[in-house]
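Asks: Next input, structure requested:
(chains A, B and C)
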Amino acid sequence: MNFSLSQIPERTQKPRENGITMVMDKGVSLREAEDFCSVCGDYVDLIKLGFGSAYVTPHLKEKIAVYREAGLMPYFGGTLFEAFIIRNKFDDFRKLLDEYNMATVEVSDGSITLNPEVKCEYIATLAKDFTVLSEVGSKDAEVVIPPYKWIELMKQELSAGSWKVIAEAREGGNVGIFRGNGEIRGGLIEEILTQLPSEKIIWEAPNKQQQVWFIKLLGQNANFGNIAFNEVIALETTRIGLRGDTFFQFLDK
Amino acid sequence: MNFSLSQIPERTQKPRENGITMVMDKGVSLREAEDFCSVCGDYVDLIKLGFGSAYVTPHLKEKIAVYREAGLMPYFGGTLFEAFIIRNKFDDFRKLLDEYNMATVEVSDGSITLNPEVKCEYIATLAKDFTVLSEVGSKDAEVVIPPYKWIELMKQELSAGSWKVIAEAREGGNVGIFRGNGEIRGGLIEEILTQLPSEKIIWEAPNKQQQVWFIKLLGQNANFGNIAFNEVIALETTRIGLRGDTFFQFLDK
Amino acid sequence: MNFSLSQIPERTQKPRENGITMVMDKGVSLREAEDFCSVCGDYVDLIKLGFGSAYVTPHLKEKIAVYREAGLMPYFGGTLFEAFIIRNKFDDFRKLLDEYNMATVEVSDGSITLNPEVKCEYIATLAKDFTVLSEVGSKDAEVVIPPYKWIELMKQELSAGSWKVIAEAREGGNVGIFRGNGEIRGGLIEEILTQLPSEKIIWEAPNKQQQVWFIKLLGQNANFGNIAFNEVIALETTRIGLRGDTFFQFLDK
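Replies: Sure, this is the predicted structure:
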């Protein structure tokens, strides 16, 4: 920190089990990746190469190297995993992970339909060699999963070997754990948290009000996903009570 | 592409007649323009120096050179053309095009009122020396042009010498071919397409749902305009079915 | 300007008393700060290190130096002042200003409750050594301040030594002088302007329609705050009638 202030809640340090920030890279340049790491390197744990952007983005290996040297864990967005699975090319996907020297991998079924047992097999297989993130929840706004099902799926996937499960919300923050207008499905989330430790879940929460809600519920070290590139510092200040929305949360009463 | 995947729809290559992506530069720096070209150079055809930004942006000639060297076609936004016309300074505008060594020019009447015949004369005159883009549609949300009129104007302007016509939507995606809330005027667009080949039209479609709608209608090689700087890679993945919204569109049934 | 156009309204030059543009830095890198200054240096007067970002952003002194060399006035966002005050550490805050060689300071009570007399004492004390900006208005959407109170507070703070008062709107443009949906509280603003000269007020107005409204009311040299990094050039064109929304405002009738 640049200077001293009392009553600042303690943030976890890398490698973290909670207080994780996952950011989506939608296709930035090498230099932008360097700039990002120069500011956000200590605050960001996971950097997702969003959807299928890895397929079309130039200088991909160099960019992955930039992230890795800065201490971030880069990984391909789940949509890319699904694109290989729907084409029946799981082996090619594994080769791709090796070719890009990936240590982290996401398993998801946001677009495709995967039998939960099959999904868990992919998780178990990949967990032998990789840190696995698995995502629960559909990208389709029409698909509403009841709370007991969220809980069951999350438990199964963690048992199968996922390091963390990601609660789907898309980049817009408007499906899965949120309603179409971005409103939080608070009852769902609280029910999930009665059955699962919060450090095992990464909440996709791209919008400020969503982040504030979770910090009020879970404290400064909530796990967040799908944070925009230019919102990491703002989130960090929200986490520690240096932004209006959480200003009083960590002060002595 | 960085790796191999089957069932990826073929994208056109430069110089393209369809599958065009036009991006708006709202006043980025030289280095940002370089970064952009390093990632998006192959995917972007047209780069518009938006509204009157060319008047106030430093290092303009250098930036135009960066774009041109990367194979993009830079041009002044139509509002600048209109600013010269309303001041009765068409000759000065032509000199400006020469001074900046522009090969492409936009003729529009989004703010000013131009008699269609007069607009077509400008198009015809400029088409002798430049690649002309002409824009149809008002920037004023109050002005609703009926379908037959869109068709008539587009046909006239293409006959007069426009390489492509641009369907107005503003940066917000909320006028012209869209309603105030961003909703697509689908009937209008389908009626236009009964009379005009889609490769002659560039659809301003800054929002993802708008882009998805056109890709579902016209395929991966729809022509898009007013794409934001940091959305080009995301659009490219949407075009080829590597994003949730179009994931199944190009897969074998 | 890059070329000559008639009927362009005159913009004030630095150091300005009106026509001020204040931009919020939410935690950009050194290189992004350099890029920004290379484009926007002449157009931006004040650069706010937003909320508590100064606490967590690396390379802070170097970044401040970049801004200062480009002729911008950097300062800590008011939330940081409030964070020190609520901890009863005003002396530490003054030391911080010295350590970072700040010439400008913001005094605000957007999150904390400050007795107006106490706030004015802070203003008066700091005004001996610094250019003081003070902000009026709550960050809490529930707190609606009546017009006479806005006027009274603004007058008191200017009398106490504030160079300008800032009318609160948050980054979202949805509290203070705006309603929750971003709509302008026009009656409030017009009533304020019957009692205070407009050059003493900086209007936080992050959204385009808000900026247009003020330019239509106050002309090209309205003072604006909380402008996003990548909207400065767009604002500059709106100020001088080179964007659709103000295209006709400055033309001879």
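Asks: okay, now the residue of the stretch 1-150 of chain A found nearest chain C: neighbour count?
Replies: Sorted by distance to chain C under Cβ to the nearest Cβ, the residues of the stretch 1-150 of chain A start with residue A:35, at 3.9 Å. Every C-beta, even on glycine, is put in place using the N, C-alpha and C of the backbone. By other Cβ atoms under 10 Å in any protein chain shown, the residues close to residue A:35 number 21.
Asks: Just confirm it is within a helix.
Replies: Yes - judged by DSSP: H, G, I helix; E, B strand; the rest coil, residue A:35 forms part of a helix.
Asks: So it sits against residue C:33, correct?
Replies: No - using Cβ atoms under 8 Å, residue A:35 makes no contact with residue C:33, being 9.9 Å away.
Asks: And the closest residue to chain B within the stretch 51-200 of chain A, what's its pLDDT?
Replies: As assessed by Cβ to the nearest Cβ, chain B sits closest to residue A:52 within the stretch 51-200 of chain A, at 2.4 Å. pLDDT recorded at residue A:52 is 97.
Asks: what's the closest non-adjacent residue to it?
Replies: Nearest residue to residue A:52, sequence neighbours excluded (Cβ to Cβ, 6 or more residues apart in numbering or on different chains): residue B:242, at 2.4 Å.
Asks: and that neighbour, which of the three is it?
Replies: Under three-state DSSP, residue B:242 falls in the coil class.
Asks: burial count for it?
Replies: Count around residue B:242 with other Cβ under 10 Å applied: 25.
Asks: Residue A:134 too?
Replies: Residue A:134 has 29 neighbours, counted by other Cβ under 10 Å.
Asks: Could you count how many residues lie near residue A:62?
Replies: By other Cβ under 10 Å, 10 other residues sit near residue A:62.
Asks: where's the closest residue to it other than its chain neighbours relative to residue B:242, distance?
Replies: Distances taken as Cβ to Cβ, 6+ apart place residue A:30 nearest to residue A:62, at 5.6 Å, with adjacent residues excluded. Going from residue A:30 to residue B:242 by Cβ to Cβ, to the nearest Å gives 21 Å.
Asks: before we move on, the earlier item: quick one: residues contacting the residue of the stretch 51-200 of chain A closest to chain B.
Replies: By Cβ atoms under 8 Å, 6 or more residues apart in numbering or on different chains, the contact list for residue A:52 reads A:77, A:79, A:80, A:83, B:237, B:240, B:242, B:243.
Asks: One more: residue A:26?
Replies: A:50, A:53, A:171, A:229, B:230, B:231, B:233, B:234.
Asks: roughly how far apart are the last one and residue B:242?
Replies: Residue B:234 sits 10 Å away from residue B:242 when distances are taken as Cβ to Cβ.
Asks: so what sits against both of those two?
Replies: A:51, A:53.
Asks: Check for me that residue A:199 belongs to a strand.
Replies: No - Residue A:199 is assigned helix when assessed by three-state DSSP, not a strand.
Asks: Residues of chain A that sit close to chain C?
Replies: For chain A, the residues in contact with chain C (Cβ under 8 Å from any Cβ of the partner chain) are A:1-8, A:31, A:35-36, A:38-40, A:42-43, A:230-234, A:236-237, A:240-244, A:247-248, A:251.
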